[in-house]
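Peer 1: Provided below are the primary sequence and the corresponding predicted coordinates.
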Amino acid sequence: MAIFASYPWLAPLVAMLAAGLLAGFAAGLFGIGGGFVVVPALLVVLPLLHGSKSEYAHVAIGTSAATIIVTSIRSVTAHAKRGAVDFQILKDWAPWLVAGCALGVVLAGHIDGRILTAIFGTGVLLMSINFLVPKLGNKVLTDKMPSGPLLAGIAGGLGVFSSLLGIGGGTIAIMVMTFCGRTIHRAIATASGMGTLIAVPTTIGFAIIGFGHHGLPWGSLGYINLPAALVVASMSVLTAPMGVAVAHKLPSGPLKRIFGLYLIFIGALMIQKAFKA
């Protein structure tokens, strides 16, 4: 379009604004951090900010984590006003999530950008199952939350997985909580708070491991692109409460299936992007 040709900065701005609006809504609605929306959008936008192609995946994931800090805080605050957040679960999971994130960041620093993109795509495809086959998350196996070594394994593994993908980890956390007898609304509300616990150490870690690298897109602090993070986060703040309101009023079944199809499309696209010649 002529307007984008005349103002080359407009296209990336519009893309980031749209990603922020959708990410915030998805975060409030599904209890996720929004990384499934933000990372693919950033992989499209970052080339417009120049830099080396080999660095885009790391910057997209690190920047996504930075936006989740704001999105998660906004979302969990809105849920907490409705009395739906179980803060004891967040307290119990916090140290293991942080430890897992630290390990994930270390691993990310030694993974090639194409492989990191493929990992993201594969993770997205796996997560789509939960949205397309909701019956998997409706089963109750026990009325007690995991503790001890089991909790360490689940929460630590979630931290590793989430930091590698630049997501808030809400999908897996919700499945665990519903398996343990928590209602879907309480699980979504509590999972929205896990995004902050995951995103803060992940953001700090990606900023550190990317510091001083050459070929980073304009405006990057390590693997965190500050302009992109600011724009996306500012939009997600507006729509996260809207997602929360919908989550507490409407059945989420149809929306989950739509989002699951979106995840399949994005996952396949990311894998194709990683391995194309």
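Peer 2: Yep, it's here. Numbering: from 1, shown residues only.
Peer 1: ok, and what's touching stretch 109-116?
Peer 2: By Cβ atoms under 8 Å, 6 or more residues apart in numbering, the residues outside stretch 109-116 that reach it are 53-58, 61, 108, 119, 164, 209, 274-275. (Glycine included, C-beta is placed from N, CA and C.)
Peer 1: what about it, how long is it end to end?
Peer 2: Taking Cα to Cα, to the nearest Å, stretch 109-116 runs 10 Å from one end to the other.
Peer 1: on that earlier part again, and the contacts of stretch 109-116, which two are the farthest apart?
Peer 2: Ile209 and Phe275 (24.1 Å; Cβ to Cβ).
Peer 1: Comparing those two, which shows the higher neighbour count?
Peer 2: Ile209 (18 against 12; other Cβ atoms under 10 Å).
Peer 1: Apart from its chain neighbours, what residue comes closest to the more buried one?
Peer 2: Gly109 (4.0 Å; Cβ to Cβ, 6 or more residues apart in numbering).
Peer 1: And the one you found, how close does it get to Glu55?
Peer 2: 12 Å (Cβ to Cβ, to the nearest Å).
Peer 1: And these two? Which one has more around it.
Peer 2: Neighbour comparison, Gly109 and Glu55: the larger count goes to Glu55, with 19 against 14 (by other Cβ under 10 Å).
Peer 1: tell me the secondary structure for the more buried one?
Peer 2: helix (DSSP: H, G, I helix; E, B strand; the rest coil).
Peer 1: which residues does it contact?
Peer 2: Gly113, Gly210, His213, Gly215, Leu216, Pro217, Tyr223.
Peer 1: next structured bit after the lowest-mean-pLDDT helix or strand in the chain?
Peer 2: For the chain, the helix or strand with the lowest mean confidence is helix 2-6, at a mean of 57 (criterion: mean pLDDT, DSSP states H and E). Remark: after helix 2-6, the chain's next helix or strand is helix 10-30, criterion DSSP states H and E.
Peer 1: Quick one: mean pLDDT for that following helix?
Peer 2: Averaged across helix 10-30, the pLDDT comes to 75.
Peer 1: Report the buried residues of it.
Peer 2: 11-12, 15-16, 19-30 (16 or more other Cβ atoms under 10 Å).
Peer 1: Let me know the closest of these to Ala245.
Peer 2: The closest of those, once distances to Ala245 are taken by Cβ to Cβ, is Gly28, at 7.6 Å.
Peer 1: Could you list the low-pLDDT ranges of the stretch 1-150 of the chain?
Peer 2: 1-9, 27, 30-34, 134-141 (pLDDT under 70).
Peer 1: in it, which spans are helices?
Peer 2: In the stretch 1-150 of the chain, the segments counted as helices under DSSP state H, counting those that start in this stretch are 2-6, 10-30, 35-45, 56-80, 87-108, 113-132, 148-165.
Peer 1: Can you tell me which of those helices is packed in deepest?
Peer 2: Mean neighbour counts were compared across these using mean count of other Cβ atoms under 10 Å; the top stretch is helix 56-80, at a mean of 28.
Peer 1: how far out from the middle of the chain is it?
Peer 2: A distance of 7 Å separates the centroid of the chain from that of helix 56-80, by Cα atoms, centre = their mean, to the nearest Å.
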